[in-house]
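> Everything below, folded, please.
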Amino acid sequence: MIISASRRTDIPSYYSEWFFNRLKERFVLVRNPMNIHQISRINLSPDVVDGIVFWTKNPVPMLEKLAELRDYTYYFQFTITGYGADIECNLPDKNKIILPAFKKISEIIGADRIIWRYDPIFFNPKYTFDYHIRAFGKIAEILSGYTKKVTISFLDCDYRNVKNNISSLNLTQLGYEEQIAIAVEFSKIAEKFGLIIDTCAEKIDLSEFGVTHASCIDIKLFEKILGVQMKSEKDKTQRKECFCNSAIDIGAYNTCLNGCKYCYANYNQKTVFENNFAHNPDSPLLFGDITAEDKITDRKVKSLKIEQLGLFENDC
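Numbers count the residues shown, from 1 in each chain. Model prediction:
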């Protein structure tokens, strides 16, 4: 089993104490976002958790606790863009805090296990084509040697929540030609600084420019880290353009305090603050309490590792 922590919220930034408590108790409760009274009890024993993928814009609160992950295999999807506080409202200073944190994690766990994300890309009168080229190039230079890969994506306005959040951004049309043009320039910069570049859940084929499709929940990476083969299947809950392997997400929507204007996981800031206020780091749930209407079911989970027989194991 792979744990996603989390596409729905920034667990390292805001809920790391809760997360480490869950590892200590070896289980977590997760509400079904489509039916809030259905709760899954998920075993977090190292025997069944083959890997954890952390998604974050600011992992600083968990930096000093990485040693507590010694029984687990994990890597980071770490988003750093060129946007300022007008877009990513509650992030600390990137030059003073975020970029040094990226480097520190890389030094602890290795460049293979921390993936830089520059996403989502959008244009407006401030964040132009040239702006993104400069920002991407600057960050790539700073992170050179501290990561092996960068993943990009373009803002998807089809999400209902995104439509609500971006109404004030005065977006400029980002068509096929613009996507090609920026991908070409990004690819040149990535090559200059020794980075593989790929796209997250994009329909557009950029392979002729050296840009492949990403698998952000990546069984192949876990196989490389663990040195074993693993059973793999596509995550059927994601869009068809997504190449992620199946994982269990332990986060919750409307709980992230980063305040990003392009966010698809938050639709109401009042609800975000209420849910965060209802967070208890000692609770098995990310926020709130179990009620009489709730039904808790143990989710069946198992390791994805393929046990191989030794060369002479069957010999007489």
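> Check the secondary structure at residue 48 for me.
Assigned by DSSP: H, G, I helix; E, B strand; the rest coil, the conformation of residue 48 is coil.
> Residue 22 too?
Of the three states, residue 22 takes helix under three-state DSSP.
> any idea how far it is from residue 2?
Between residue 22 and residue 2 the distance is 16 Å, computed by CB to CB, to the nearest Å. All C-beta atoms are positioned from the backbone trio N, CA, C, and that covers glycine.
> what's the following helix or strand after the worst-scoring helix or strand of the chain on mean pLDDT?
Scoring the helices and strands of the chain by mean pLDDT, DSSP states H and E places helix 160-165 at the bottom, with a mean of 69. If you walk from helix 160-165 toward the C-terminus, the next helix or strand you reach (DSSP states H and E) is helix 176-192.
> Packing partners of that following helix?
With contacts defined as 3 or more CB pairs under 8 Å, 6 or more residues apart in numbering; DSSP states H and E, the packing partners of helix 176-192 are helix 129-143, strand 149-154, strand 196-199, strand 211-213.
> The longest one: which residues count as buried?
Residues of helix 129-143 classed as buried: 132, 133, 135, 136, 137, 139, 140, 142, 143 (neighbour count, 16 or more other CB atoms under 10 Å).
> Make TSV out of those and add pLDDT.
Below are the buried residues of helix 129-143 laid out as TSV (pLDDT from 0 to 100):
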residue	pLDDT
132	98
133	98
135	98
136	98
137	98
139	98
140	98
142	98
143	98
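> Nearest to residue 69 among those?
Closest approach between these and residue 69, by CB to CB: residue 143, at 22.0 Å.
> Enumerate every residue touching the closest one.
Remark: with contacts taken as CB atoms under 8 Å, 6 or more residues apart in numbering, residue 143 is in contact with 80, 99, 102, 103, 116, 193.
> From the contact counts, what lies against the helix or strand that contains residue 40?
Here residue 40 sits within strand 35-43, counting by DSSP H and E. Under the contact definition 3+ CB pairs under 8 Å, 6+ apart, strand 35-43 sits against strand 27-32, strand 295-298.
> Tell me which of those sits most buried.
Highest mean neighbour count among the helices and strands packed on strand 35-43 (mean count of other CB atoms under 10 Å): strand 27-32, with a mean of 18.
> what angle sits between that strand and strand 35-43?
Note on geometry: by axes from the mean of the first three to the mean of the last three CA atoms, to 10 degrees, strand 27-32 and strand 35-43 are set 160 degrees apart in direction.
> okay, now residue 203: neighbour count?
Look at residue 203: counted by other CB atoms under 10 Å, it has 12 neighbours.
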